[in-house]
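Participant: build me a model:
(chains A, B, C and D)
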2 protein chains.
Amino acid sequence: MERRIRIKDIAEKAGVSTGTVDRVIHKRGNVSPKTKQKVKQVMEELGYEPNIIASMLAYNRVFKIAALLPDYHVDPYWQQPKIGIDKAIESIKHYGVEVIPFYFNLFKAEEFSQQANNILDQSKEFSGVLLAPLFLKEASELLKQCSEKHIPTAMINTNIENSESLCYIGQDSYQSGVLAGRLIDFGCDKVDTTLVLNLAKGVTNAKHLLDKERGFRDYFNSLPEKEITVLKKDFEDFTDDAKLSRFLKTIFEQHPKTTGIFVTNSRAYRIAKCLQLIGKKEVKIVGYDLLEENLQYLRSNDISFLINQNPVQQGYFGIMNLVNHLLLKKEIDPLQYLPLDIVVNENVEYYLKRALEFSIVV
Amino acid sequence: MERRIRIKDIAEKAGVSTGTVDRVIHKRGNVSPKTKQKVKQVMEELGYEPNIIASMLAYNRVFKIAALLPDYHVDPYWQQPKIGIDKAIESIKHYGVEVIPFYFNLFKAEEFSQQANNILDQSKEFSGVLLAPLFLKEASELLKQCSEKHIPTAMINTNIENSESLCYIGQDSYQSGVLAGRLIDFGCDKVDTTLVLNLAKGVTNAKHLLDKERGFRDYFNSLPEKEITVLKKDFEDFTDDAKLSRFLKTIFEQHPKTTGIFVTNSRAYRIAKCLQLIGKKEVKIVGYDLLEENLQYLRSNDISFLINQNPVQQGYFGIMNLVNHLLLKKEIDPLQYLPLDIVVNENVEYYLKRALEFSIVV
DNA sequence: TTTTTTTGTGTGTACGAACACAAAAACAAA
DNA sequence: TTTGTTTTTGTGTTCGTACACACAAAAAAA
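Facilitator: Residues are numbered from 1 along each chain as shown, chains lettered A, B, ... in the order given. Next up, the predicted model:
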């Protein structure tokens, strides 16, 4: 390999000092137009690429990134993005990057706002913000403020479109609904009625849930040969098995031909449990996420499919994108959809293992 | 964040010079036992972690890695691992790592050997070897030689067990066969006969193909309630549509209840094409890999499922593992199974996109 | 014209680790 | 004690970049 071009090489060839080249590279000004021109030309000619290693060493500054996430004590799902964030920290700690988490209760918008304000109060501290913008209004405000302060933001889990965020990393909710439709459809010869079930507290106007439903409906609408009814229900008190069982029973009484249930979040296991309680066996369930509770029913085939949202990767890539932007000044793809993994009993182990072990330490 | 501990800090606290600390860290010897003891103790106490950035910069040496792979002009599948390797190169070029490819015709063991010898001839040049050990005997020999020369090796695609290789990155062939069984089974209510089809030239004693078949059979054997026949056929002249069509026709005549075909490599599209030619529509096909030819039939639902072997990731992680081992002296997991992704029409786009875009540049 | 300010350029040190070489200490043999 | 040899320890330079500082020349203000 030919020797890599250094600033010194450029300086020599352009007949200036390294300081001047440095000024051109970093746009620090105070360079006469024609010197600047000359330096740029030589850089082009020699194909200069900065040595990031040396650059990082000399730069010698700490980047702080704030991470605004749901408290995983309230919903265990959120442990997973945190695992990814921790992996990212591990990968990049040598670059002097620090991540400070801020947690909120995912059912309480005001807690989100409060933590957002905490971040904004210390905003001079932070070079970047990673967030799960679960609350549209509150998150939009934070994104706006950050944008004004020129602090780049990365969103995971939920996408707020038209925000001035650096990027979104997560799933395509609409398409995951389409996929759920396909999976329900695939296993049943004679699908007649399917149920979209939303187990969440509070009025969930959450856009990503509506997108899932829309995708699901569109899948069945796209099948001209079949005539399938798609029901949609919300149920709030999902921690109460008795109530939920009664609720399901009522549905089966009203719609006896219901052969598939699509649970739009990670709580499919609650449905699987209640179906066992009320003795319904032939109903297919499709849900999300590889929580231990779900896996149990996946292994016993009471849940047919789980769609993996790659939560660990969301956290990991969220941080990595901010770092790539801040430190390496890389161009960042604003919309990064992670794959919609179809998980069954026979391939689940690899996803679990990868979630724990993957990480590219460099 | 508290300041990170430097060699200088250790030296001061231990009352020695940085040179001595350096000698202890790198086990260069020539340190009196009690000084060594003292330095080690202080390192422990302060929790020293080397600054990799500074270390890399000072190290200032080029690592060369040889990559022994099938020529992708012969089989387009092999473009994909190459893409991953190129991504890895991009990610780590700043660390002074170079990758030199050596190609062989995947149908010719002697070409493999020849290239292996080329690598061994220049073995002083290479700090590591990445290889796809398609030929058991020839590859084992190479692995043995590398081991003797203390050159670490990483295997992708095919695993040679009990070799002294640093690691294997790829799929679990047996389990992918099990998964294929599940997928064939899932879509058909009344499976009766299924066919395992091996489209390859030469006598394919390839272990990973046998493992796939074994997994497939085991899946159906594990279903006590169903009585399913699993046929196994090899067919060499798969580029000749007419011959292949005739071959398939014969099979359907002999086994009219064949409802699913499991193609054990990336050539499922040839079967899909011939089934169209002979007008068989109701037969499910499960195959491997997201080749353009396969995708076409996946989109038209003539191929039901493709199992993604993550070939891009294989190349990427193969290189990254060598780098982690060589440069960062990380502990490497010797057996790294990549997920068995189930790919259908509704989620294929994300896998294609990720294969092209993923990469963690740091 | 002199003084002050602005602009342009070069020099030197720091970042933390690696390693070559010099110096000092310890030991051995005369 | 001296000299030579080996072992142990310390010093100084290097890697490529960032940035502070020094200093000149040019421009603007007095």
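
Participant: so what pLDDT did A:Met87 get?
Facilitator: No Met there; residue A:87 is Lys. With respect to pLDDT, A:Lys87 has a value of 88.

Participant: thought it was touching A:Gln313?
Facilitator: No. A:Lys87 is beyond contact range of A:Gln313, at 9.4 Å (criterion: C-beta atoms under 8 Å). Where C-beta positions appear, they are placed from N, C-alpha and C, glycine not excepted.

Participant: more neighbours, these two?
Facilitator: A:Gln313 (27 against 23; other C-beta atoms under 10 Å in any protein chain shown).

Participant: so A:Tyr48 makes contact with A:Ala11?
Facilitator: No. At 10.9 Å, A:Tyr48 does not count as touching A:Ala11 under the criterion of C-beta under 8 Å.

Participant: tally of neighbours for A:Arg299?
Facilitator: Count around A:Arg299 with other C-beta under 10 Å applied: 12.

Participant: what sits closest to it if chain neighbours are left out?
Facilitator: A:Asn345 (5.7 Å; C-beta to C-beta, 6 or more residues apart in numbering or on different chains).

Participant: now the one you found: how far from DNA strand C?
Facilitator: The gap separating A:Asn345 from DNA strand C is 47 Å, by C-beta to the nearest atom of the strand, to the nearest Å.

Participant: now A:His73
Facilitator: 36 Å.

Participant: what of A:Lys64?
Facilitator: Distance, A:Lys64 to DNA strand C, using C-beta to the nearest atom of the strand: 17 Å.

Participant: got the CA positions of whichever strand or helix holds that residue in CSV?
Facilitator: In the assignment (DSSP states H and E), A:Lys64 maps to strand A:63-70. What follows is strand A:63-70, C-alpha atoms only, in CSV (Å, rounded to 0.1, in the frame of the first residue of the first chain):
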residue,chain,number,x,y,z
PHE,A,63,-18.8,14.4,23.6
LYS,A,64,-21.9,14.1,25.7
ILE,A,65,-25.0,12.6,24.2
ALA,A,66,-28.4,12.7,26.1
ALA,A,67,-30.7,9.6,25.7
LEU,A,68,-34.3,10.2,26.4
LEU,A,69,-36.0,6.8,26.8
PRO,A,70,-38.9,5.1,28.6
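
Participant: can you list the strands that it pairs with?
Facilitator: Here strand A:63-70 has these sheet partners by DSSP bridges: strand A:97-104 (parallel), strand A:128-131 (parallel).

Participant: among these, which is the most enclosed?
Facilitator: Most buried of the strands paired with strand A:63-70, by mean neighbour count (mean count of other C-beta atoms under 10 Å in any protein chain shown): strand A:128-131, with a mean of 27.

Participant: now what about it, what contacts it?
Facilitator: In this structure, residues lying in contact with strand A:128-131 by C-beta atoms under 8 Å, 6 or more residues apart in numbering or on different chains are A:63, A:65-69, A:85, A:99, A:119, A:139, A:142, A:146, A:151-156, A:315, A:318-319, A:322, A:325-326.

Participant: would you mark the buried spots in the helix or strand of chain A at the bottom of the mean pLDDT ranking?
Facilitator: Counting by mean pLDDT, DSSP states H and E, chain A has its least confident helix or strand at helix A:348-357, which shows a mean of 81. Neighbour-count burial for helix A:348-357 flags A:Val348, A:Glu349, A:Tyr350, A:Tyr351, A:Arg354, A:Ala355 (criterion: 16 or more other C-beta atoms under 10 Å in any protein chain shown).

Participant: what helices or strands is that helix leaning on?
Facilitator: Counting contacts by 3 or more C-beta pairs under 8 Å, 6 or more residues apart in numbering or on different chains; DSSP states H and E, helix A:348-357 is packed against helix A:79-92, helix A:292-299, strand B:335-337.

Participant: tilt between the first one and strand A:97-104?
Facilitator: Relative orientation of helix A:79-92 with respect to strand A:97-104: 170 degrees, computed using axes from the mean of the first three to the mean of the last three C-alpha atoms, to 10 degrees.

Participant: got the angle for helix A:79-92 vs helix A:348-357?
Facilitator: Going by the same axes, to 10 degrees, helix A:79-92 makes 50 degrees with helix A:348-357.
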